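Novice: compute the structure for the input listed below.
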Amino acid sequence: MATAVRRVLGPGQVRDARAADEVDGLRPSLVAEPGTVEEVVEVMRAASQGGLHVVVRGGGTKLGWGAPPAAVDLVLATTRLDRVLEHAAGDLVVRAQAGVRLGDLQRQLAPAGQMLALDPPEAGATLGGVVAAAASGPRRLRYGTPRDLLIGSTVVLPDGTVAHSGGKVVKNVAGYDLGKLLAGSFGTLAVLVEVIFRLHPLPAARGMVVAEVDAPERVGSCVRALLASTLAPSAVELDWPDAAGPGALSVLVEGVVPGVEAQTGTAARLLGEHASARVLDPGEVDAALASLGALPWKAGEAATTAEVLGVKLTCVPSDVPGALAALWEVAGAHGLDAQVGGHAAVGVLRAALRGGDPAAQAAFVADLRGRLALGGAGLVVQESASQVKRAVDVWGPAGDALGLMRRVKQQFDPAGVLSPGRFVGGI
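Specialist: Okay, the predicted model is just below:
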């Protein structure tokens, strides 16, 4: 069947896999790089007929997320699907292939004074990968996630069927919203080949207020004050390098110059009632933006993924102080140091745990999940050593939704061709 895949692509578009192509330690036989939707159709048709298991790869920035696949014979790389097909500036809409890198798209949109309001921190991420992983960054507070900004898509199903959803207008509501179903599905249902997003104008000005917080309760007080106000920040980000020292809560405001000046002043006064706060000078804002929302497990290049456990915590915003306290307490009990960052106003935190062996890290995950579950919060392992992934379920309990998710997988991919075992519940 490898011969069938080679036959449908041109020279240089399919090759033997190398060590760098491994997915969680599993090496495929081939890597295919189709350059058109029609070539993706032929590759998936050949793979389906030959019983091959396929993992889709964009920029590879999140390939280690999710559970290890049960099997992988072929990596389908979207590298050559890298064209921006249409930019309707007057309608604030862009249509692009899935392999377009987000950074490249932003540079292409900027001369028109527009942007795609997604800012996940993984450098080199592609549009297809951002949607498949439902990846977002600090500005999700104001603009939402990929699911909110995606208005249309074209996908190739495991048997080679092409399906379209949505369209090039923001208020298109015809048919099922296939793209939103695929957002966050981690490539287990179909291959995204084209996406259509609604855009936003680039802000004329940006300002930032930073408050020093010395206890989780301070974070809660600051966030409550902001959310109860009339302010409209683009992001409220927490960065807490070490539980032994203070953390920083950064509030990003974007818009026209007078509005930014007024809102940063108001934010500084509100935060000043609960913590030491100041408005950054204009020269400081760009440097602060460059690191805003950075993944804590990427800090310190000397540490390798095998040494660092990266987890994502989700809770309602009012529970952030309790989640922080529980994280530090459980980390300390297992001899781990925790560096925390995240979107404090939407209840999404990420933590890097350093120190200890894989057994200690796995025990930390199990214990913290137990603590968080009491309040309805959850924990997902995003980066870890392979030993940790073998010891714990990286996704955690799926609850009552698992049966429905399995039925959806059965409808889209009954033969289990795409990324078998990588998603929740072994889907």
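
Novice: show me what contacts the spatially most central residue of the chain?
Specialist: Note on the chain: the residue nearest the mean C-alpha position is A135, at 2.0 Å, using CA atoms, centre = their mean. Residues near A135 by CB atoms under 8 Å, 6 or more residues apart in numbering: 62, 118, 120, 122, 125, 129, 146. Every C-beta, even on glycine, is put in place using the N, C-alpha and C of the backbone.

Novice: at 10 Å what do you get?
Specialist: 61-62, 65, 102, 118-122, 125, 129, 145-146, 183-184 (CB atoms under 10 Å, 6 or more residues apart in numbering).

Novice: tally of neighbours for V40?
Specialist: Neighbour count for V40, taken as other CB atoms under 10 Å: 27.

Novice: next: H274.
Specialist: H274: 19 neighbours (other CB under 10 Å).

Novice: and the residue nearest to it when sequence neighbours are not counted, what are its phi and psi?
Specialist: Nearest-residue entry for H274: S221, 4.1 Å, with adjacent residues in sequence omitted and distances by CB to CB, 6 or more residues apart in numbering. Dihedral pair for S221: phi -60, psi -40, per degrees, to the nearest 10.

Novice: S221 against G272, yeah?
Specialist: No. Contact between S221 and G272 fails when scored by CB atoms under 10 Å: they sit 11.5 Å apart.

Novice: more neighbours: those two, which one.
Specialist: Each of S221 and G272 has its neighbours counted (other CB under 10 Å); S221 has more, 18 against 15.

Novice: residues in contact with the residue lying closest to D82 once chain neighbours are set aside?
Specialist: Distances taken as CB to CB, 6+ apart put G99 closest to D82, at 4.5 Å, once the chain neighbours are dropped. Taking CB under 10 Å, 6+ apart as the criterion, G99 is in contact with 33-35, 57-59, 77-83, 126-129, 192-193.

Novice: A352 now?
Specialist: 241, 295-300, 303, 307-311, 336-341, 383.

Novice: quick one: secondary structure of it?
Specialist: Following DSSP: H, G, I helix; E, B strand; the rest coil, A352 is assigned to strand.

Novice: repeat that for P397.
Specialist: Assignment for P397 (three-state DSSP): coil.

Novice: show me the contacts for it.
Specialist: 369, 373, 378, 424-425.

Novice: let's have those in TSV, adding neighbour count.
Specialist: As requested, the contacts of P397 are exported to TSV (neighbours: other CB atoms under 10 Å):
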residue	neighbour count
R369	21
A373	13
G378	16
V424	24
G425	16
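
Novice: in helices, which of the contacts of A352 appear?
Specialist: The helices, defined by DSSP state H, take in nothing from those.

Novice: and of the contacts of A135, the nearest to R45?
Specialist: Checking the contacts of A135 against R45 by CB to CB gives G129 as the nearest, at 23.0 Å.

Novice: what ranges do the helices span in the stretch 101-250 of the chain?
Specialist: For the stretch 101-250 of the chain, the helices defined by DSSP state H, counting those that start in this stretch occupy 102-109, 127-132, 140-143, 146-149, 178-182, 216-227.
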